[in-house]
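Visitor: what's the 3D shape of this:
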Amino acid sequence: MEILDSVVIGAGQAGLSASYHLQRRGIDHVVLDADAAPGGAWQHRWDSLTMRDVHGVAELPGAERLALSDARANVAVPDYFAAYERRHDLPVIRPVAVDRVAPADPAAPADGEREGLLVTHAGGRTWTSRTIVNATGTWSHPYVPYYPGMRTFRGEQLHTHDYPGAEHFRDKRVLVVGGGASAVQLLGELALVTDVLWATRRPLVWRTDEFTPEAGSAAVALVEERVRRGLPPASVVSVTGLMLRPQEEAARRLGVYDRRLPMFSTVEPDGVRWADGQLEPVDVILWATGFRPAIAHLAPLHLRGPAGGIQLDRHGTTAVVDPRVQLVGYGPSASTIGANRAGRSAARGVAAWLAQHASSSVPRDEAAG
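Guide: So this is what the prediction gives:
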């Protein structure tokens with residue numbers, strides 16, 4: 001049975017970056033991607049999201065940056081990823097939805113030579129690998145909080161994961177729930193075509209000064225500190241604050257960014273009921289409540305600590321409990337810039353682990369580089 005040196009799970013920005021750096025080190029690996037086509041989560045984003053809206057995408061290693069433009073992000077980025085895979089001949093296999101990663105020998109000691117990890121998917125095929133790089137991101141796990149009465153609502157409920165475009169909501173009263181960047185953007189779009197209001201659980205922090213690289217690094221450092229302590233990762237925007245883009249100024253003048261506090265307490269058949277007892281009639285509830293890491297397939301490895309998160313080392317990618325496992329696109333690396341850096345760090349972590357095990361196919365001098 002062939003034993004690979006590494007398996008990368010996911011072919012988004014972080015997965016492609018990791019594969020590029022693994023390939024440069026001569027580490028035998030494959031990339032398993034759940035989607036039928038290149039593009040990662042970008043191919044599923046709403047049509048109105050442009051490259052200008054997302055302020056561009058950090059360039060993949062060894063490639064040029066995508067230009068700011070009015071091109072649809074769900075077309076431009078997948079095309080960019082596809083060309084990158086071809087140019088570097090990355091070993092991507094798709095569609096393969098991994099549903100389980102488990103030790104080949106569960107009884108083996110955590111700090112010794114082991115038989116490897118079994119990576120399987122619903123179709124039954126299995127790969128055996130000495131290490132894995134998990135790059136599954138968050139897009140497949142939209143999060144919707146529970147509120148009493150949600151199932152009784154007679155209108156439409158959907159998550160931003162399934163946002164069909166502003167025109168779908170014309171002449172409907174829409175409640176947007178959530179305090180992140182997606183909520184701000186979608187409110188800006190919806191306010192121009194229909195009646196919209198906003199609810200958030202916590203007061204928001206608006207950023208009025210310039211978002212410099214130094215400010216970004218400081219924000220990422222706060223998220224890194226959480227994962228080093230084994231806490232569930234927080235979003236980077238939760239510490240950077242929110243900003244209005246020029247195209248959202250029209251919505252601001254309409255007052256849509258004025259939120260009502262405190263949060264509604266229940267959902268009822270025709271709307272939501274605020275904490276003061278007033279019923280707010282709405283036709284649609286759009287949950288802009290974020291995503292959670294897609295890591296259920298790693299459960300057999302028992303990586304989560306008592307605080308609920310996966311503790312990572314000081315480099316931000318190696319699982320402390322099991323250094324065979326690298327996590328990219330998780331916590332501080334859940335951005336295109338962070339994903340690129342994490343891909344390089346993960347390849348270094350894989351090489352370091354392989355260098356300590358005589359059965360590795362990677363020469364020790366190359367693995368340590």
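Visitor: just the buried positions in the lengthiest helix in the chain, please.
Guide: Assignment by DSSP state H gives helix 336-355 as the longest helix of the chain. Judged by neighbour count (16 or more other CB atoms under 10 Å), helix 336-355 contains these buried residues: 336-351, 353-355. Glycine gets a C-beta too; all of them are placed from N, C-alpha and C.
Visitor: same for that helix, what does it pack against?
Guide: Secondary-structure packing of helix 336-355 (3 or more CB pairs under 8 Å, 6 or more residues apart in numbering; DSSP states H and E): strand 3-9, helix 13-24, strand 126-134, strand 325-327, helix 364-367.
Visitor: what's in contact with the longest one?
Guide: So that's helix 13-24. With contact meaning CB atoms under 8 Å, 6 or more residues apart in numbering, helix 13-24 is reached by 5-6, 8-9, 11, 29, 31, 33, 40, 57-58, 60-62, 81, 84-85, 88, 90-92, 133, 135, 137, 326, 328-329, 333, 336, 339-340, 342-344, 346-348, 350.
Visitor: just the buried ones from those residues?
Guide: 5-6, 8-9, 11, 29, 31, 33, 40, 57-58, 60-61, 81, 84-85, 88, 90-92, 133, 135, 137, 326, 328-329, 333, 336, 339-340, 342-344, 346-348, 350.
Visitor: the residue lying closest to Ala166 once chain neighbours are set aside in helix, strand or coil?
Guide: Nearest non-adjacent residue to Ala166, counting by CB to CB, 6 or more residues apart in numbering: Glu189, 4.3 Å away. Reducing the assignment at Glu189 to three states with DSSP: H, G, I helix; E, B strand; the rest coil gives helix.
Visitor: from Ala183, how far off is Glu189?
Guide: In this structure, Glu189 and Ala183 are 11 Å apart, going by CB to CB, to the nearest Å.
Visitor: quick one, which of these two is more surrounded?
Guide: Ala183 (25 against 22; other CB atoms under 10 Å).
Visitor: show me where the stretch 1-150 of the chain has strands.
Guide: 3-9, 29-32, 92-93, 98-103, 117-121, 126-134 (DSSP state E, counting those that start in this stretch).
Visitor: correct me if wrong: Ala191 contacts Asp258.
Guide: No: using CB atoms under 8 Å, Ala191 is not in contact with Asp258; the gap is 11.4 Å.
Visitor: who has more neighbours, those two?
Guide: Higher neighbour count among Ala191 and Asp258: Ala191, with 24 against 9, using other CB under 10 Å.
Visitor: quick one: contacts for that one?
Guide: Per CB under 8 Å, 6+ apart, neighbours of Ala191: Ala250, Ala251, Leu254, Val256.
Visitor: let's have those in CSV, adding distance to Ala104 and neighbour count.
Guide: Output for the contacts of Ala191, formatted as CSV (distance: CB to CB, whole Å; neighbours: other CB atoms under 10 Å):
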residue, distance to Ala104, neighbour count
Ala250, 58, 12
Ala251, 54, 21
Leu254, 59, 15
Val256, 54, 21
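Visitor: which residue is the nearest non-sequential neighbour of Tyr147?
Guide: In space, Tyr147 is closest to Val267, 5.1 Å off (CB to CB, 6+ apart).
Visitor: partners of Val284 in the sheet?
Guide: Glu156, Val174 (DSSP bridges).
Visitor: tell me how far it lies from Pro78.
Guide: Taken as CB to CB, the span from Val284 to Pro78 is 28 Å.
Visitor: now do Ala63
Guide: 14 Å.
Visitor: what do you get for Ser140?
Guide: 16 Å.
Visitor: just Leu298 next, same as before
Guide: 26 Å.
Visitor: same thing with Leu117?
Guide: 29 Å.
Visitor: of the two, which one has the most company?
Guide: Leu117 (26 against 20).
Visitor: surely the more buried one meets Val133?
Guide: No: under the criterion of CB under 8 Å, Leu117 is not in contact with Val133, lying 11.3 Å apart.
Visitor: touching both of those two, which residues are there?
Guide: Val7.
Visitor: quick one, helices of the stretch 101-250 of the chain?
Guide: Ranges of helices within the stretch 101-250 of the chain are 181-190, 213-228, 237-240, 249-253, based on DSSP state H, counting those that start in this stretch.
Visitor: off-centre distance for the first one?
Guide: So the one you mean is helix 181-190. 19 Å (CA atoms, centre = their mean, to the nearest Å).
Visitor: and if you look at the last one?
Guide: Taking CA atoms, centre = their mean, the mean C-alpha location of helix 249-253 is offset from the chain mean by 29 Å.
Visitor: against which helices or strands is it packed?
Guide: helix 181-190.
Visitor: how about low-confidence regions in this protein?
Guide: Low-confidence segments of the chain, defined by pLDDT under 70: 1, 55-56, 106-115, 204-228, 231, 233-247, 332-337, 358-369.
Visitor: tell me the domain boundaries of it?
Guide: 3-140+291-367, 150-206+242-287 (automatic domain parsing).
Visitor: how about those domains in JSON lines, adding distance to Arg229?
Guide: Putting the domains of the chain into JSON lines (distance: least, CB to CB, whole Å) gives the following:
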{"stretch": "domain 3-140+291-367", "distance to Arg229": "7"}
{"stretch": "domain 150-206+242-287", "distance to Arg229": "22"}
